[in-house]
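K.L.:
using only what follows, build the 3D model:
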Amino acid sequence: METDAPILLATVSFLSALQMARLARRVGLCRLAHNIQPPSVTGPPEFQRIFRAHQNCVECYPLFLVTLWTGGMFFNEATAAVGGLVYMAARQIYFEGYIKSGEERLLGFYLTLGVFATMTLLTMIGLLRGILLKYFHIHL
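P.N.:
Model prediction:
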């Protein structure tokens, strides 16, 4: 294995993929419990909350992966990996809260927004530093 390989980013990506699979499985188990056949996305409120919580996580996932990897490659790998772990915890809090009620998802939602804002800022700093160095020979 190459020593410069982004092992922390790969590990967090893999763990987040496992988390997403586990959330999808929970939707599937709820479908079975309520006898809701795909492609139907309607059913009792319990199913609708689990389904929406998972869909919201799926919708955020590309932004998470992009900020994780670009922040890790251009700002700092360890910082991005920690941000990724915090993101995963925030999404879990969001998911579990949403299952209970729509209002209980807010803590996880706000934590997710904070992680996205932080990771986006770090990514922008890293990219700006890289552009300035590569194209303008300015080292910050």
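K.L.:
can you pull out the helices in the protein?
P.N.:
7-34, 45-74, 77-100, 106-136 (DSSP state H).
K.L.:
can you list those helices in a markdown table and add mean neighbour count?
P.N.:
All C-beta spots, glycine's among them, are computed from the backbone N, C-alpha and C. Converted to a markdown table, the helices of the chain look like this (neighbours: other Cβ atoms under 10 Å):
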| stretch | mean neighbour count |
| --- | --- |
| helix 7-34 | 15 |
| helix 45-74 | 18 |
| helix 77-100 | 19 |
| helix 106-136 | 15 |
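K.L.:
who touches stretch 11-21?
P.N.:
57-58, 61, 64-65, 68-69, 80-81, 84-85, 87-88, 91-92 (Cβ atoms under 8 Å, 6 or more residues apart in numbering).
K.L.:
what distance do you get for the residue nearest to E104 when sequence neighbours are not counted to H34?
P.N.:
Once flanking residues are discounted, E104 sits nearest to G97: 3.7 Å by Cβ to Cβ, 6 or more residues apart in numbering. Separation of G97 from H34 (Cβ to Cβ, to the nearest Å): 20 Å.
K.L.:
do A80 as well
P.N.:
Distance, A80 to H34, using Cβ to Cβ: 39 Å.
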